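Engineer: Test case, fold it:
(one chain, ligands or ions: 1)
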Amino acid sequence: MKPFLIIGNWKLNGSIIFVKDYINKIKKFLNKKKLDYCKISIAPAYPYLYLFNIYLNNIQMSLTAQNVDIHLSGSFTGEISINMLKDIGVKYVIVGHSERRMFHKETDKYISKKFYIIKSNGLIPILCLGETELQKNMNQTKDICVKQIDVILNDYGIEAFNNTIIAYEPIWAIGSGQLANPIEVQKIHKFIREYISQKDFKISKNIIIQYGGSINENNMDMFIKQKDINGFLIGKASLTAEDFISIVKKAEKILSSI
Ligand code: PGA
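Structural biologist: Below is the predicted model:
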């Protein structure tokens, strides 16, 4: 069984005091508990990535970046490169999050390029995709997922997806408290996996498909039991160490009984 990948996306939140306190709590938890079924990671804002790297000190938790530039170096004021992220121990990079598509006008084409550059330079991209409420009501969920995957397939081929992550995040469920139906989510995840499998069976087997959108300790059970849900991308409920730890503890418990 693939490890269940739980990533906390802090978005535009955090401070030095917050980071230190969070890491202390996580360290205390991980010192006592070996994770048998889950892999965990946190995506703090850029300034705190380095702090995490220093304080984490080889515990069973990796680092995720919320974004990266498409250039590796040069005259690009205000940007952060993949090499810089590698330098400070980052493993995963989120790409195509709906907030970046919406507020920063990132297009499918630009996201495709970013995905490929992350992958081809040795980090693991997490491709976020999903439909709006209107698209859901018009039964367009699968079409939207295919469209967002196809742009990468057409530009770079199926190999680009080898050992990468897709996070299915229905936009209407993000930060809204409006939870998706786990059975419906399983169907979409299965559909995504089968779509990838038409191009390459092995890649489709290995790809991790996370769910994201209003997940917390109280509503996670049914999601974690679905065959094609291989992890969570968690916003709000990752913002307190106690909540994040509770989610991880519960995930370990449920997965040990499946
Ligand atoms: P949420 O955010 O858990 O607060 O809904 C999820 C995300 O944006 O990845």
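Engineer: what element comes up after the helix or strand where L5 lies heading to the C-terminus?
Structural biologist: Counting by DSSP states H and E, the secondary-structure element that holds L5 is strand 4-9. Taking DSSP H and E as the definition, the helix or strand that follows strand 4-9 towards the C-terminus is helix 16-32.
Engineer: Show me what counts as buried in that following helix.
Structural biologist: For helix 16-32, the buried set under the neighbour-count rule, 16 or more other C-beta atoms under 10 Å, comprises F18, V19, Y22, I23, I26, K27, F29, L30. Where you see a C-beta, it was placed from the backbone N, CA and C, and this is true even at glycine.
Engineer: Mind giving me the packing neighbours of the strand holding L5?
Structural biologist: Under the contact criterion of 3 or more C-beta pairs under 8 Å, 6 or more residues apart in numbering; DSSP states H and E, the helices and strands touching strand 4-9 comprise strand 38-43, strand 208-212, strand 231-234, helix 241-256.
Engineer: and the angle for the second one with strand 4-9?
Structural biologist: In other words, strand 208-212. Using axes from the mean of the first three to the mean of the last three C-alpha atoms, to 10 degrees, the direction of strand 208-212 lies 50 degrees away from that of strand 4-9.
Engineer: Over to the first one?
Structural biologist: Angle between the axes of strand 38-43 and strand 4-9 is 20 degrees (criterion: the same axes, to 10 degrees).
Engineer: I'd like the next helix or strand past strand 38-43.
Structural biologist: Using DSSP H and E, the helix or strand that directly follows strand 38-43 along the chain is helix 46-56.
Engineer: in that next one, what counts as buried?
Structural biologist: If you call a residue buried by 16+ other C-beta under 10 Å, then helix 46-56 has these buried ones: Y48, L49, Y50, L51, F52, Y55, L56.
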